[in-house]
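# using only what follows, build the 3D model:
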Amino acid sequence: MAKGEWRYLINQMLVCTKKNFKKAVKLSRYHDAQLLAAMNANPGDLDYALVYNRYHDLHQKLEDAYAAWGNSGGQQESGTLNVKQLLKLKTTKLNAVFNIVEQFYLPDSVRFKAIFPDLRKPFSGARSSIISAFNTLSLNIGADVNLGAALTIVDDYHKELSKANTSQTGSKGSVKNASDALEKARVGAMTGQYQDLGFFINKMPTATAAIKSLFDSETITDPAQVIWKGHLDALELHQVFIHTFMAGDIMRVKSIGSASVTVYLASTPGGTDSKGVVIDALKELKFDVALFAVADYNANRYLTIVNNSTTTETRFMVQLY
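Next comes the predicted model:
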């Protein structure tokens, strides 16, 4: 912010979504839905219809541009996470293959050395080298009738790695074009929200709560926290945070103690009006928010966690991706 610049002239929606397309779409979905609800609830007030119809066009352009960007390979953060997750399975996959091979060939045999000439060395280093090493391993195993199970593990893993890596890299030119179009749509929608804010301040300057309800103020002011930790007494219910999720969002929940916990994505603070996701004691679960089975992520925004034990305290950790 420039020195002396009046903060009320700063478009907070535009600022907080800079370099964050996903957040822009979240803000837009919430605002568009709230405007539609307000228009339907006030059929005699043409102002709501005017603002909704004007903004909905901007929102739809943002949705279309976001979908095109994703289809072009633009959501590279998600792709990178998938590759990283797969690479974490590397040791497990290799151990399984080694165990199968050792059932039929001794480590000092010619056949074993033909399959693993440099043992595990080729499976470290750059991502491309690891992918290539698994392809070579597949060729080394070949049509060996003894190692069909090992070949399946190697080929399936190589296919997953290659697909995830290709998805991440994508076509740079296509991604750049889609990204430029999406940035234009982001600026248009966030400018539209700023315009709407001014409109409603002019329309009802004292009804601040009503104005606030039309905008996703929690996400706008969200400091981008991604990890929450806390303590739960026996049977304690705790509201963890308020957050607007999108389809496909992922979270990880861990029970750090001898009690299972259940998490809900509720429509009210501390509520439990969603399907509960149970995490066993001393376990963690990484899952898609679709498991909450809620119909409207704009309405169900309150994450609640409950200690299921009647006698035992526990601790928890929640992480968003």
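
# pLDDT weak spots in the stretch 201-321 of the chain?
For the stretch 201-321 of the chain, the stretches with pLDDT under 70 are 223-224.

# what segments of it are helices?
Counting by DSSP state H, counting those that start in this stretch, the stretch 201-321 of the chain has helices at residues 208-212, 217-220.

# can you put those in TSV and add distance to Ile201 and mean neighbour count?
Every residue, glycine included, has its C-beta placed from N, CA and C. Converted to TSV, the helices of the stretch 201-321 of the chain look like this (distance: least, C-beta to C-beta, whole Å; neighbours: other C-beta atoms under 10 Å):
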stretch	distance to Ile201	mean neighbour count
helix 208-212	7	12
helix 217-220	14	16
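
# between the ones you listed, which one is nearest to Asn146?
The closest of the helices of the stretch 201-321 of the chain to Asn146 is helix 217-220. By C-beta to C-beta, the value is 56.3 Å.

# how far away from the center of its chain is that closest one?
17 Å (C-alpha atoms, centre = their mean, to the nearest Å).

# helices or strands up against it?
Secondary-structure packing of helix 217-220 (3 or more C-beta pairs under 8 Å, 6 or more residues apart in numbering; DSSP states H and E): helix 12-16, helix 21-41.

# ranking those helices by burial, who's on top?
Of these, the one with the most neighbours on average (mean count of other C-beta atoms under 10 Å) is helix 21-41, at a mean of 20.

# ok, then the element right after that helix?
With elements assigned by DSSP states H and E, the helix or strand that comes after helix 21-41 is helix 46-71.

# tell me the angle of that next one relative to helix 21-41?
Here the directions of helix 46-71 and helix 21-41 differ by 150 degrees (axes from the mean of the first three to the mean of the last three C-alpha atoms, to 10 degrees).

# can we start the residue count at 19 from this point?
Renumbered: residue one is now 19, and that last one reads helix 64-89.

# who are the contact partners of the residue most central in space within the chain?
The structure's the chain has its C-alpha centroid closest to Asp267; by C-alpha atoms, centre = their mean the separation is 3.4 Å. If you count contacts by C-beta atoms under 8 Å, 6 or more residues apart in numbering, Asp267 has them with 306-307, 338-339.

# Met31 contacts Gln211, doesn't it?
Yes: Met31 lies in contact with Gln211 (C-beta atoms under 8 Å); the separation is 4.6 Å.

# list residues touching both of those two?
Residues touching both Met31 and Gln211 by C-beta under 8 Å, 6+ apart: 45, 233.

# quick check: which ranges of the stretch 19-168 of the chain have low pLDDT?
For the stretch 19-168 of the chain, applying pLDDT under 70 flags the ranges 19-22, 90-100.

# ok, how many other residues are close to Trp24?
7 (other C-beta atoms under 10 Å).

# check Gln243 too.
Applying other C-beta under 10 Å, we find 9 residues neighbouring Gln243.

# got it, and Ala83?
If you count neighbours by other C-beta under 10 Å, Ala83 ends up with 25.

# how about Lys304?
Lys304: 12 neighbours (other C-beta under 10 Å).

# would you check that it makes contact with Val295?
No: using C-beta under 8 Å, Lys304 is not in contact with Val295, being 10.9 Å away.

# where along the chain do the strands fall?
Using DSSP state E, the strands found in the chain span residues 245-250, 255-260, 268-273, 279-284, 295-297, 302-306, 320-325, 332-338.

# would you reformat the ones you listed as CSV and include distance to Leu27?
Listed next are the strands of the chain as CSV, based on distance: least, C-beta to C-beta, whole Å:
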stretch, distance to Leu27
strand 245-250, 34
strand 255-260, 27
strand 268-273, 36
strand 279-284, 36
strand 295-297, 43
strand 302-306, 40
strand 320-325, 33
strand 332-338, 32
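
# out of these, which gets nearest to Glu120?
Closest to Glu120 of the strands of the chain, according to C-beta to C-beta: strand 302-306, at 31.8 Å.

# output that closest one as PDB, nothing but the C-alphas.
Taking Å, rounded to 0.1, in the frame of the first residue of the first chain, the C-alpha atoms of strand 302-306 are listed here in PDB:
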ATOM      1  CA  GLU A 302      -4.400 -39.900  10.800                       C
ATOM      2  CA  LEU A 303      -6.600 -39.700   7.700                       C
ATOM      3  CA  LYS A 304      -6.100 -37.700   4.500                       C
ATOM      4  CA  PHE A 305      -9.400 -37.300   2.700                       C
ATOM      5  CA  ASP A 306     -11.500 -35.400   0.200                       C
END
